[in-house]
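Enquirer: I'd like to go over a predicted model; first the sequence, then the structure.
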Amino acid sequence: MRPLIIAIDGPSGAGKGTVARAVARELGYRHVDSGAMYRAVGWKALRDGVPLDDDASVAALAARSVIEVSNTAVTIDAIDVTRAIRTPEIDRAAAAVARLPGVRRVLVARQREMGAGGAIVMEGRDIGTVVYPNADVKVYLDASPEERARRRASDAAHSGVPAAVSEVATLLTQRDEIDRTRTASPLFAAPDAVVVDTTGKNVDEVVGEVLAVVKQKGLGTGDWGLGTGD
């Protein structure tokens with residue numbers, strides 16, 4: 001099988017990170033969390049006092065920053081921000097900078113460079129619609145609002161400690177509204193994506209479903225390539 005580009009999109013709490021990492025590990029592919037790049041930019045903008053709604057300034061900040069995303073760490077300008085970017089404050093900052101077209105142009109270009117040779121599983125909110133609209137495999141993970149809130153509330157990686165489900169549900173609703181209504185790369189399932197509802201399923205079940213899609217789609221001979229983005 002030729003090296004594939006696999007796009008996994010979906011809202012917060014749908015299981016993108018866990019599933020994408022497992023699929024990449026199973027295939028021996030590189031895994032990239034595109035959202036971590038926006039989080040890193042949001043973190044640096046807050047640190048440097050750059051207004052989160054100033055597209056030109058935040059885009060310039062993103063352009064001059066060296067962002068590295070691996071399976072174990074996220075760094076920006078050689079500063080390890082792996083844990084620092086997983087907080088409610090950075091959730092909000094990432095949502096804010098992700099609305100900015102200039103920032104998205106900078107980061108989408110970098111994400112395309114990462115996947116230029118294939119053999120990659122990239123997760124995010126616009127991978128199958130903007131970053132790689134002609135990806136070999138497109139999967140959109142979703143789950144009920146209750147399930148997503150429960151998962152995120154129990155994920156200490158995002159808050160440091162377990163949080164109240166009701167509080168997390170409110171934050172997720174707000175983030176969903178921002179992601180789905182933003183002008184630049186709004187969140188939605190690509191028409192040719194396979195939608196997988198992860199509600200009530202364990203990780204192995206979902207990974208199995210995604211790998212079945214990869215096996216089916218990956219045997220085709222279609223080309224993959226780039227769209228125009230924003």
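Expert: Yes, it's here. Residues are numbered from 1 along each chain as shown.
Enquirer: Tell me which helix or strand comes right after the lowest-mean-pLDDT helix or strand in the chain.
Expert: The helix or strand of the chain with the poorest confidence is helix 156-159; it has a mean of 56 (mean pLDDT, DSSP states H and E). Sequence-wise, the next helix or strand downstream of helix 156-159 (DSSP states H and E) is helix 165-181.
Enquirer: so what does that next one touch, helix or strand wise?
Expert: helix 88-97, helix 145-153 (3 or more C-beta pairs under 8 Å, 6 or more residues apart in numbering; DSSP states H and E). Using the backbone N, CA and C atoms, a C-beta is placed for each residue, glycine as well.
Enquirer: Which of those helices sits closest to Val131?
Expert: When the helices and strands packed on helix 165-181 are compared by C-beta to C-beta, helix 88-97 sits nearest Val131, at 16.2 Å.
Enquirer: Just the buried residues of the closest one, please?
Expert: Applying a neighbour-count criterion of 16 or more other C-beta atoms under 10 Å, one finds Ile90, Asp91, Arg92, Ala93, Ala94, Ala95, Ala96, Val97 buried in helix 88-97.
Enquirer: which two in these are spaced the farthest apart?
Expert: Asp91 and Val97 (11.6 Å).
Enquirer: Show me whatever sits in contact with both of those two.
Expert: When contacts are counted by C-beta atoms under 8 Å, 6 or more residues apart in numbering, the set common to Asp91 and Val97 is empty.
Enquirer: Next one, pLDDT for the one residue sitting closest to the centre of the chain please.
Expert: Nearest to the geometric centre of the chain sits Gly124, at 2.1 Å (C-alpha atoms, centre = their mean). We have a pLDDT of 94 for Gly124.
Enquirer: thought it was touching Ser34?
Expert: Yes - under the criterion of C-beta atoms under 8 Å, Gly124 makes contact with Ser34 at 3.5 Å.
Enquirer: Residues that sit against both of those two, list them.
Expert: Gln111, Val131.
Enquirer: what about stretch 135-152, how long is it end to end?
Expert: Stretch 135-152 has its terminal residues 28 Å apart, counting by C-alpha to C-alpha, to the nearest Å.
Enquirer: buried residues in that stretch?
Expert: For stretch 135-152, the neighbour count (16+ other C-beta under 10 Å) marks 135-143, 147-152 as buried.
Enquirer: can you give me how far it is from the chain middle?
Expert: Relative to the chain's own centre, stretch 135-152 is displaced by 11 Å; criterion: C-alpha atoms, centre = their mean, to the nearest Å.
Enquirer: swap in stretch 9-29?
Expert: Mean-position distance between stretch 9-29 and its chain equals 10 Å (C-alpha atoms, centre = their mean).
Enquirer: Counting neighbours, which bits of it end up buried?
Expert: Buried residues in stretch 9-29 (16+ other C-beta under 10 Å): 9-24, 27, 29.
Enquirer: from those residues, which ones fall inside strands?
Expert: Asp9 (DSSP state E).
Enquirer: The residue nearest to the centre of the chain: what's it in contact with?
Expert: Ala7, Ile8, Asp9, Lys16, Asp33, Ser34, Gly35, Gln111, Val131.
Enquirer: so where do the helices sit in this structure?
Expert: Ranges of helices within the chain are 16-27, 34-48, 55-64, 88-97, 101-114, 145-153, 156-159, 165-181, 203-218, based on DSSP state H.
Enquirer: The second one packs against which elements?
Expert: By that I understand helix 34-48. With contacts taken as 3+ C-beta pairs under 8 Å, 6+ apart, helix 34-48 sits against helix 55-64, strand 67-69, strand 74-76, helix 88-97, helix 101-114, strand 120-124.
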